[in-house]
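A.B. asks: curious how this folds, go ahead:
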Amino acid sequence: MRVVSPRGPGSGPGEAADDGRAFDPFTVNDSGVWHAGVDREGQPKPPQWVCSRLDVQALTRDQDGAGWGYLLAFADPLGKPKQWAMPARMLSGDGGEYRAALLNLGLRIAPSPSARNLLTQYIQSRQPGEFASCTDRIGWHGRAFVLPHETIGDDAERIVFQSGKPDGEHLSRASRRCRVA
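C.D. replies: Just a heads-up that it's a prediction; the model follows:
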């Protein structure tokens, strides 16, 4: 079991971990994303399962420095790896749109309202340290050819396709023709 989110022993909410970083209430391991909350008296509550393993690999933005988002990676229930460049605007409102998209791709999400809110908090609070350019256009971008599920070629920066619809509905007939290998 590999834990991604380090926390210092004895660190409570708002306290710094041993390495100087602020306490992170989220832990990610092979069984999923977990939230370690506290009750009204400040006592630790049992960890709450939020969703199956979900890694935020990079922050994304368009070539104009806007259109920010998150590059999410996880495996569906059959173990098939999935990646989605989710626009950050989908986290506005109640988040139902992005959760529906993730569920459709195979991410398992706890059904409680608190878990749904924690999923939004988890994604928004990640600081992956890596950035990627995103585009909503399939085709050549510099020396890289961008497809919905992969980028072919070389470029100085990672380029990914970002759309509000991760399941292929966003593709026009013309862009589907570009998908041939």
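
A.B. asks: so Val160 lies in a strand, does it not?
C.D. replies: Yes. Under DSSP: H, G, I helix; E, B strand; the rest coil, Val160 sits within a strand.

A.B. asks: excluding sequence neighbours, find me the nearest residue to it.
C.D. replies: Nearest residue to Val160 in three dimensions, chain neighbours excluded: Ala85, at 4.5 Å (CB to CB, 6 or more residues apart in numbering). Bear in mind the C-beta positions are built from the backbone N, C-alpha and C, glycine included.

A.B. asks: so which elements touch the helix or strand that neighbour falls within?
C.D. replies: According to DSSP states H and E, Ala85 maps onto strand 81-87. Applying 3 or more CB pairs under 8 Å, 6 or more residues apart in numbering; DSSP states H and E, one finds that strand 81-87 contacts strand 69-75, helix 96-105, strand 159-161.

A.B. asks: pick the most deeply packed of these.
C.D. replies: The highest mean neighbour count among these, using mean count of other CB atoms under 10 Å, belongs to strand 159-161: a mean of 23.

A.B. asks: let me see the mean pLDDT of that one.
C.D. replies: Computed over strand 159-161, the mean pLDDT rounds to 68.
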